[in-house]
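Chemist: Could you work out the structure for the sequence below:
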Amino acid sequence: MPQSAAAMGLGSLHRPASRGSVCPVRQSEVRKRQLCAAPSAKQGVGDKSDSVMFSSFAVEAAPVGSSDQVLEVPNLRHRLGGRPSPFSVHNNFGGGFVSDLDRVALNSMKFASSESAGASAKIGGANGTPSSGSALVEASMEQLSIPLPPWAIRAGARKTIYFDPSQVTAAIVTCGGLCPGLNDVVAGIVNKLTDYGVPEGKILGIKYGFRGFYDSAIKPVVLTKKTVDGIQLQGGTILGTSRGGANMREIVKRIDMWGIDMLFVVGGNGGNAGANAINAMCQQHEVNCCVVGVPKSIDNDILLIDKCFGFDTAVEEAQRALLAAKTEASSARKGIGLVKLMGRQSGFIAMQASMASGVVDACLIPEVPFKVTGENGLCKYLDAVIKYKGHCVVCVAEGAGQDLLDDGGSTGTDASGNPILKDIGLYLKNEFKTYFKDADIKYIDPTYMIRAIPTTSNDRIYCKILAHNAVHAAFAGYTGLTVGLVNTHYVYLPIPVVIQAPRKVDPRGKAWNRLRASIGQPNFE
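Modeler: Sure thing, here's the model as predicted:
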């Protein structure tokens, strides 16, 4: 049997806040906190046929609804009671509601054979044992350590909600490194919570990451529509952020003590892992709090998700460095422009910025090993490029070529568990100086510049949609999930699925192949 919150030493909902951890919600408000007790709304399948007709042929929709076909998301509905959404009066602003039975396909491609570009043969059966045959999936899906069902739960507003908005206390925390769009997400969550009817003064901002829950020197702040007005126009996060510092016991103790019903964690793999641990402890000790993640990664390295917020903005800013390198290199005799971009374990920024800029002659990423010297090495290729057009531009991700460094590259991990890398950019600069005796080399490292800026318009819209869907998830009673875009549709994904490993560029995939074909880059091996 699960222990009660009191038995585990977490306190109770009526427990007064200890000194140094003053509850930002008045004690009387915590005592008034109640969960909905209205009967649950019945869920059902529509009467319409599951087949969609197109002229003279039919495309049969796959059956949905059974637990073995859908990537299930945990929920607290068995402890809560349902009630109509406050948006029911206008049918969600005329747009209607999402059903719990709506599905999004996790694998959008049907391959003819394993020889098709980007395809991989994945053996069926339990624990990877052979079954009746091999399923062909996108090669990027190989990074998943567990088999997935074909469908995910669609994100969006539900007709039935499981909290009384007038009694809700919510909290928002931003974790890990900076990323364009953090303020956009914070503002979006606050505005949507307010739209649901969460009272002013009941939305808390946890300062400086997870440690803001229990560090006596750091107090939560109250967030309102007024306080977040216009914050999307500035970079960074108004809540501050930090790495590590996740004392789960103390965090859950404060969640229980402060009567927090919904916790929104905006973070990357580390932040989502923290959210998953918080959710597990809340469930273990029957603390009714819906924990919802919003995936943030400037490296775009969250599994399954099409892209993380802020990535497009980072690519746009990274192009400026590449274009500057092009100008510098082309203005010098035997000029070499070398740009190092972010990307510890995943080379998405370097790959996309190189493709978009159209000025890069060689792109180096962590997923693809390379040699600097030798007959098929990087320097030999660049020498040919310089002889042809007089200059060259090289883009390298910070995690590329770590095996080439004398000490093996990585020097441990940071507080979030990310590898601490040696500088591949300086290494390449020195190698180029040795190989190209009379070259004019310009080394540009815009690492932190690309993450500390406001979002572009596309990212700004994306952040707002992610934020709104996170709030919809919490009011629908879901917990232990993250929200993201999968195959161009918004879905809810259980956190353990997306934190198995960092998502990486597939060297056999179409995106990397397009770049190589575009710039004519050979393998440097």
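Chemist: Going by C-alpha atoms from here, please, whenever you check contacts or count neighbours.
Modeler: Fine.
Chemist: helix, strand or coil for Glu115?
Modeler: Three-state call for Glu115 (DSSP: H, G, I helix; E, B strand; the rest coil): coil.
Chemist: In this structure Leu223 contacts Ile206, no?
Modeler: No. Using Cα atoms under 8 Å, Leu223 is not in contact with Ile206; the gap is 9.9 Å.
Chemist: Please say which of the two ends up with more neighbours.
Modeler: For Leu223 versus Ile206, neighbours defined as other Cα atoms under 10 Å are more numerous around Ile206 (26 against 23).
Chemist: Can you report phi and psi for the more buried one?
Modeler: phi -90, psi 120 (degrees, to the nearest 10).
Chemist: Repeat that for the one 3 residues further on.
Modeler: Its backbone dihedrals place Gly209 at phi 80, psi -160, with angles given as degrees, to the nearest 10.
Chemist: Now do it: how many residues are near it, please.
Modeler: Neighbour count of Gly209, defined by other Cα under 10 Å: 25.
Chemist: So what's the residue count around Leu421?
Modeler: 17.
Chemist: How about the secondary structure of it?
Modeler: coil.
Chemist: got a pLDDT number for it?
Modeler: Here the pLDDT value assigned to Leu421 is 84.
Chemist: There's contact between it and Gly399 in this structure, I believe.
Modeler: Yes. In this structure Leu421 lies within contact range of Gly399 using Cα under 8 Å: 6.8 Å.
Chemist: Helices of the stretch 251-400 of the chain, start to end?
Modeler: 269-284, 311-330, 348-357, 378-389 (DSSP state H, counting those that start in this stretch).
Chemist: So which of those is nearest Met342?
Modeler: Nearest of the helices of the stretch 251-400 of the chain to Met342, taken as Cα to Cα: helix 348-357 at 6.9 Å.
Chemist: Three-state assignment for Lys442, please.
Modeler: Lys442 - assigned by three-state DSSP - is strand.
Chemist: gap between it and Ser99?
Modeler: As judged by Cα to Cα, to the nearest Å, Lys442 and Ser99 stand 55 Å apart.
Chemist: Tabulate the CA atom coordinates of stretch 191-202 in CSV.
Modeler: C-alpha atoms of stretch 191-202 as CSV (Å, rounded to 0.1, in the frame of the first residue of the first chain):
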residue,chain,number,x,y,z
ASN,A,191,-2.5,33.0,-19.8
LYS,A,192,-4.2,29.7,-20.5
LEU,A,193,-4.5,28.8,-16.8
THR,A,194,-6.2,32.2,-16.3
ASP,A,195,-8.5,31.5,-19.2
TYR,A,196,-9.6,28.3,-17.5
GLY,A,197,-10.5,30.4,-14.4
VAL,A,198,-7.5,29.8,-12.1
PRO,A,199,-7.7,32.8,-9.7
GLU,A,200,-5.1,35.5,-9.6
GLY,A,201,-2.5,34.7,-7.0
LYS,A,202,-2.7,30.9,-7.5
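Chemist: Number of residues surrounding Val396?
Modeler: Around Val396 there are 26 residues (other Cα under 10 Å).
Chemist: Is Thr379 in contact with Thr373, as I believe?
Modeler: Careful, residue 379 is Cys; it's not Thr. Yes. Between Cys379 and Thr373 a contact is recorded at 5.8 Å, counting by Cα under 8 Å.
Chemist: When the two are compared, which one has more neighbours?
Modeler: For Cys379 versus Thr373, the count of surrounding residues by other Cα under 10 Å is larger for Cys379: 20 against 16.
Chemist: What does Ile401 show for phi and psi?
Modeler: Just so we're on the same page, residue 401 is Gly rather than Ile. Here Gly401 shows phi and psi, under degrees, to the nearest 10, equal to phi 60, psi 20.
Chemist: oh sorry, the question was meant for Val98
Modeler: Residue torsions, per degrees, to the nearest 10, at Val98 are phi -90, psi 140.
Chemist: What is the burial count for it?
Modeler: Val98 - counted by other Cα under 10 Å - has 16 other residues nearby.
Chemist: ok, it touching Thr160?
Modeler: No. Counting by Cα under 8 Å, Thr160 is not a contact partner of Val98; they are 10.2 Å apart.
Chemist: Dump the C-alpha coordinates for whatever helix or strand Arg460 lives in into CSV.
Modeler: In this assignment (DSSP states H and E), Arg460 forms part of helix 457-475. Listed next in CSV are the C-alpha coordinates belonging to helix 457-475 (Å, rounded to 0.1, in the frame of the first residue of the first chain):
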residue,chain,number,x,y,z
SER,A,457,7.6,34.3,-35.2
ASN,A,458,7.3,30.5,-36.0
ASP,A,459,8.9,29.5,-32.7
ARG,A,460,6.7,32.1,-30.8
ILE,A,461,3.5,30.4,-32.2
TYR,A,462,4.9,26.9,-31.5
CYS,A,463,5.7,27.9,-27.8
LYS,A,464,2.2,29.2,-27.3
ILE,A,465,0.6,26.0,-28.7
LEU,A,466,2.8,23.8,-26.5
ALA,A,467,2.0,25.9,-23.5
HIS,A,468,-1.8,25.7,-24.1
ASN,A,469,-1.7,22.0,-24.7
ALA,A,470,0.3,21.5,-21.4
VAL,A,471,-2.5,23.2,-19.5
HIS,A,472,-5.2,21.2,-21.3
ALA,A,473,-3.3,18.0,-20.3
ALA,A,474,-3.3,19.0,-16.6
PHE,A,475,-7.0,19.9,-16.6
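Chemist: Now do that helix against helix 311-330, angle only.
Modeler: For helix 457-475 against helix 311-330, the angle by axes from the mean of the first three to the mean of the last three Cα atoms, to 10 degrees is 150 degrees.
Chemist: In helix 457-475, which residues are buried?
Modeler: Residues of helix 457-475 classed as buried by neighbour count (16 or more other Cα atoms under 10 Å): 459-475.
Chemist: Output the contacting helices and strands for that helix.
Modeler: Helix 457-475 is packed against helix 182-196, strand 290-295, helix 311-330, strand 481-486, with contacts defined by 3 or more Cα pairs under 8 Å, 6 or more residues apart in numbering; DSSP states H and E.
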